[in-house]
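1. got a predicted structure plus its sequence, pasted below:
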Amino acid sequence: MSAPDDIFVVVNPASGKGRGGRLVRPVLDALTQATGSAAIAHGLSTRAGDEITIAQQAIAQGHRRIVAVGGDGTWSNVGNAILRSGKDVALGLVAGGTGCDLAKSLEVPAQDPAAAARVVAAGHTRAIDVGTVESRYFLNVVGFGFDIAVIEDSWQVRYLRGAPLYLYCAIRQLYRFTGFPVEMAVDGEPGRREDMMMLVIANARVFGGGFRIAPTADLSDGRLDCVVFANMPPRRRLPILLSLLRGRHDTAPEVRFRRAASFKLRFAGPPAYETDGEWNRAGASELTIGIRPAALRVLVPAHA
């Protein structure tokens, strides 16, 4: 086990509609108890993306276990800071956000601050792959189309969070979203153009607050799992959504899977897309999505 003073906690107090802020004291107390330390250093973000700067400063100060309190977006931002630093730093996960899906694929008890603190204190890590798109790394997924419509719709809803929020917005968008055309080339093969409802390229298994989008995805296999939902009439969308909720969408004729290391996408114009639940606007109409194998160490339970 490393010394307790190598731990630094990055908190996004705005995550989970304020849940992250309410977890500051419980998380610090749990880490203090788990490590036997008198105090744990920490920093709170004050604006979107601030976690990157805070984590970079903590790494420069010599901290080698950076615990991120927030959702998938916060975890991804801190992971990006670690990856860009080039230092041997491990990422710890505490759930304070809306989706918190990466932890589900890693069997990290992120929803329980005390259990998550014990994982951090024990110091067991797993090296995971990370995806790349433009200048960003993603830990969980990159998504296009219906996925983006649901995220944009969620901005308008103030009374739900987590899986219920995403499910509610997904149902609202079933009959509103019109689909999108894209040309996709896989591992250097000739491109194929088609009209899609949703395109998710997954590093991990779960997204959207609990949807098992890529049930067989492996965070350590050096490849990404592409899930294509062809555009379909409205009458077919609800059955597809229900099958996705059950993790049985792999049998639907409108859904296909492909596992590869590189995907080249060409859109009609610069698309909006999400990385780990965070909305982005692409800088160009063509995007290349790739992978860096075993690039990031994440603190996990010993059995994981």
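-> Done, it's in. Given the structure is predicted, the values throughout are model-derived calculations rather than measurements.
2. how deep is Arg176 tucked in, by neighbour count?
-> 10 (other CB atoms under 10 Å). To be clear about C-beta, it is placed using only N, CA and C from the backbone, and glycine gets the same treatment.
3. for it, which three-state class applies?
-> Secondary structure state of Arg176, per DSSP: H, G, I helix; E, B strand; the rest coil, is coil.
4. what's near enough to touch it?
-> Going by CB atoms under 8 Å, 6 or more residues apart in numbering, Arg176 touches Ala149.
5. tell me the pLDDT at it?
-> According to the prediction, Arg176 has pLDDT 91.
6. break down the stretch 201-304 of the chain into its helices, ranges please.
-> Remark: helices assigned in the stretch 201-304 of the chain by DSSP state H, counting those that start in this stretch are 234-245.
7. would you map the strands across it?
-> Assigned by DSSP state E, counting those that start in this stretch, the stretch 201-304 of the chain shows strands spanning 224-230, 255-260, 263-267, 272-275, 278-281, 286-299.
8. please identify the most buried of the ones you listed.
-> Stretch with highest mean neighbour count among the strands of the stretch 201-304 of the chain: strand 272-275 (a mean of 23; mean count of other CB atoms under 10 Å).
9. so for that strand, mean pLDDT?
-> 96.
10. that strand pairs with which strands, and in what direction?
-> Note on strand 272-275: by DSSP bridges, its sheet partners are strand 141-145 (antiparallel), strand 278-281 (antiparallel).
11. flag the shaky bits of the stretch 1-150 of the chain, pLDDT-wise.
-> Low-confidence segments of the stretch 1-150 of the chain, defined by pLDDT under 70, are located at 1-4.
12. so which residues of it form strands?
-> 7-11, 41-44, 65-70, 90-95, 125-133, 136-138, 141-145.
13. can you pull the contacts of Ala272?
-> Ala272 neighbours (CB under 8 Å, 6+ apart): 144, 148, 152, 279-282.
14. Asp29 versus the residue nearest to Ile82 when sequence neighbours are not counted, what's the distance?
-> In space, and not counting its chain neighbours, Ile82 is closest to Val89: 4.7 Å by CB to CB, 6 or more residues apart in numbering. With distances taken as CB to CB, to the nearest Å, Val89 is found 24 Å from Asp29.
15. and what of Ala268?
-> Ala268 is 52 Å from Asp29, by CB to CB.
16. ditto for Asn140
-> Asn140 sits 28 Å away from Asp29, going by CB to CB.
17. out of these two, which sits in the busier spot?
-> Taking other CB under 10 Å, Asn140 and Asp29 do not tie; Asn140 has more neighbours (33 against 14).
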